[in-house]
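Asker: Quick one, fold the following:
(one chain, ligands or ions: 1)
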Amino acid sequence: MEKLERCEDEGVQKEVRSVRDCEDGEALVQVSQKHFDEDEKSLFGMKRLESKRITGGEEEDEEDASFFEGAEKLLEIWFKDKAGSDLRVIPRHEWDSVLSYVHCLIISHMSSADHDAYVLSESSMFISRQRFILKTCGKTTLLLALHPLLSLVFSYCQNTPQSLFYSRKSYLQPDHQPQPHGSFSQEADFLLSLFPDGRSYCMGDMNRDCWYLFKVVRLGTFGSPFLVPSCPGLTVEPDQTLEVLMSNLEPEAMQPFFQSDGITAQDVTKKTGIASLLPGSSIDAVLFSPCGYSLNGLTSQGYYWTIHVTPEANFSYASFETNLELCPGEVENSFADDAEKKVTLLGLLTQLLHIFRPKKLITTLFANSTSKCHMVPPGFASPPGYYVTGRQWAQFSLYSLLFLSMERGN
Ligand SMILES: C[S@@+](CC[C@H](N)C(=O)[O-])C[C@H]1O[C@@H](n2cnc3c(N)ncnc32)[C@H](O)[C@@H]1O
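Answerer: Prediction:
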């Protein structure tokens, strides 16, 4: 597969050729191999899976070649808080190799004191001291990276997972997803074979738009000063993830995400208002050819955020994700640094909906019990022009989860 990147300088437009062009009608077939390595077997008790491409797949023939599944698969793994363990020691060529199992490529990279942030040909990857985040869209095979990733972290850091979260929205075209992503039950079975203590959930309307979650949370003792209120002696770092998954976006709002002469990714970031969402952030944005946009942002407070846009009218989709510690409703969060804008869930949603103008959206806010987002108020004021079609709240041993679905009023 060809290297996609033409230019990586900040502020300069990045043009990316379609990975799909390079694959030229190939179908992906996953081949399960029972190559047990003794160390890996004792560590994870799992099968080793490899992905392989063959030509002439029947499914490709049935599919509309222009269709792109924007909805992402999202994997977040927290490794144990172990002295001397830092995932960022793992060299770049190893990440390239892990991503080859997923069928995507790194196209840009930036770093801060807290994060290594990668823009991928299909979405993003964030690596910090003990947390790994991989978000991929299209027909990528994210879960096939799991075994190589766990082996890599064990060999470089002698570390194993403390907790794991795999989630995704329901697909527009589930039948065209490769194994093991053909259905959530297949994904959950795959994950259970590696993490038998995992649990599966579904939020939303199962016959319409819904959101699936598989999670493994192992309670452990951390060297953190944050005490878990319900569990004497247990301490964890505050952790939260907000996702806003928007569909059926107004074509006019999507126009900036199609390439036009002389317009750079940086121009699009400013013109659309995306640059004002979390001012003061370092931004790495990519404009795809002929359309599509991906952004990674790192705030001066050590948080990440990421935006991905599929602007094609028949299947338009945009997503926003951050681990920023904000409060639901209208309560302002408490950044010590005034340079950082104060952000609320309602304020952020209002800005995002103004930029992307979706017909419908799903929002999830996942927070552990030392996070300021953990206590969820019973009500939620809808952003202007939108109404809530569903609201669910779940309480797990360490985490709470707020799920909201909304639609634009006429
Ligand atoms: C920006 S990428 C990431 C998609 C993301 N998950 C989302 O939220 O929609 C997808 C968009 O870029 C376009 N695109 C162009 N070249 C691409 C490439 N090489 N790989 C993936 N998408 C590409 C797709 O057609 C689509 O509109």
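
Asker: can you map out the helices along the stretch 1-150 of the chain?
Answerer: Applying DSSP state H, counting those that start in this stretch to the stretch 1-150 of the chain gives helices spanning 19-23, 38-44, 58-62, 92-100, 146-157.

Asker: among the ones you listed, which gets the worst mean confidence?
Answerer: Ranked by mean pLDDT, the helices of the stretch 1-150 of the chain bottom out at helix 38-44, which scores a mean of 28.

Asker: Figure out the helix or strand that W211 lives in.
Answerer: For W211, the host element (DSSP states H and E) is strand 210-217.

Asker: Can I get that strand as PDB, trimmed to CA atoms?
Answerer: Output of strand 210-217 as PDB, limited to C-alpha atoms (Å, rounded to 0.1, in the frame of the first residue of the first chain):
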ATOM      1  CA  CYS A 210     -28.300   2.600  19.100                       C
ATOM      2  CA  TRP A 211     -24.900   2.500  20.700                       C
ATOM      3  CA  TYR A 212     -23.100  -0.600  21.900                       C
ATOM      4  CA  LEU A 213     -20.600  -1.000  24.600                       C
ATOM      5  CA  PHE A 214     -18.300  -3.800  25.800                       C
ATOM      6  CA  LYS A 215     -16.400  -3.000  29.000                       C
ATOM      7  CA  VAL A 216     -13.900  -4.600  31.300                       C
ATOM      8  CA  VAL A 217     -13.300  -2.700  34.600                       C
END
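
Asker: Now find how far off-centre that strand is within its chain.
Answerer: Computed by CA atoms, centre = their mean, to the nearest Å, the chain-centroid distance of strand 210-217 equals 13 Å.

Asker: Which strands or helices does it pack on?
Answerer: strand 161-169, helix 184-194, strand 199-204, strand 399-408 (3 or more CB pairs under 8 Å, 6 or more residues apart in numbering; DSSP states H and E). (Glycine included, C-beta is placed from N, CA and C.)

Asker: now with 6 Å?
Answerer: strand 161-169, helix 184-194, strand 199-204 (3 or more CB pairs under 6 Å, 6 or more residues apart in numbering; DSSP states H and E).

Asker: In space, what's closest to K372 - neighbours in sequence excluded?
Answerer: E325 (5.3 Å; CB to CB, 6 or more residues apart in numbering).

Asker: hang on, the earlier thing: parallel or antiparallel, list what pairs with the strand holding W211.
Answerer: strand 161-169 (antiparallel), strand 199-204 (antiparallel) (DSSP bridges).

Asker: what sits up against it?
Answerer: 163-170, 184, 188, 191, 195, 197-204, 362, 398 (CB atoms under 6 Å, 6 or more residues apart in numbering).

Asker: got a list of what F315 touches?
Answerer: F67, L172.

Asker: again, only this time at 7 Å
Answerer: When contacts are counted by CB atoms under 7 Å, 6 or more residues apart in numbering, F315 is found next to F67, F68, G70, L172.

Asker: Could you tell me the backbone phi and psi angles at it?
Answerer: phi -150, psi 40 (degrees, to the nearest 10).

Asker: what's S371 sitting at in phi/psi?
Answerer: phi -80, psi 150.

Asker: Give me the number of neighbouring residues for it.
Answerer: 23 (other CB atoms under 10 Å).

Asker: What of L87?
Answerer: Neighbour tally, L87, other CB under 10 Å: 21.

Asker: cool, G70 as well?
Answerer: There are 26 residues near G70, going by other CB under 10 Å.

Asker: What of the one 4 residues further on?
Answerer: When neighbours are defined as other CB under 10 Å, L74 has 25 of them.

Asker: So it is in contact with K135, correct?
Answerer: Yes - the criterion here is CB atoms under 7 Å, and L74 meets it with K135 at 4.9 Å.

Asker: Of all the strands paired with strand 210-217, which one is nearest the ligand?
Answerer: strand 161-169 (10.1 Å; CB to the nearest ligand atom).

Asker: Spell out which parts of the stretch 251-400 of the chain neighbour the ligand.
Answerer: Counting by CB under 6 Å from any ligand atom, the stretch 251-400 of the chain comes close to the ligand at 288, 291-294, 308-312, 317-319.

Asker: and with 8 Å instead?
Answerer: For the stretch 251-400 of the chain, the contact set with the ligand under CB under 8 Å from any ligand atom comprises 257, 286, 288-294, 307-312, 317-319.

Asker: Can you get me a residue count around the residue found closest to L249 once you drop the neighbours it is linked to in the chain?
Answerer: Closest residue to L249 apart from its sequence neighbours, by CB to CB, 6+ apart: S316 at 4.2 Å. Around S316 there are 23 other residues, counting by other CB under 10 Å.

Asker: contacting residues around S316?
Answerer: With contact set as CB under 7 Å, 6+ apart, S316 has these partners: N248, L249, M254, T310.

Asker: Need the residues you listed in TSV (columns: neighbour count, secondary structure and pLDDT).
Answerer: What follows is the contacts of S316, written out as TSV (neighbours: other CB atoms under 10 Å; DSSP: H, G, I helix; E, B strand; the rest coil; pLDDT from 0 to 100):
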residue	neighbour count	secondary structure	pLDDT
N248	17	strand	98
L249	25	strand	98
M254	20	helix	98
T310	24	strand	98
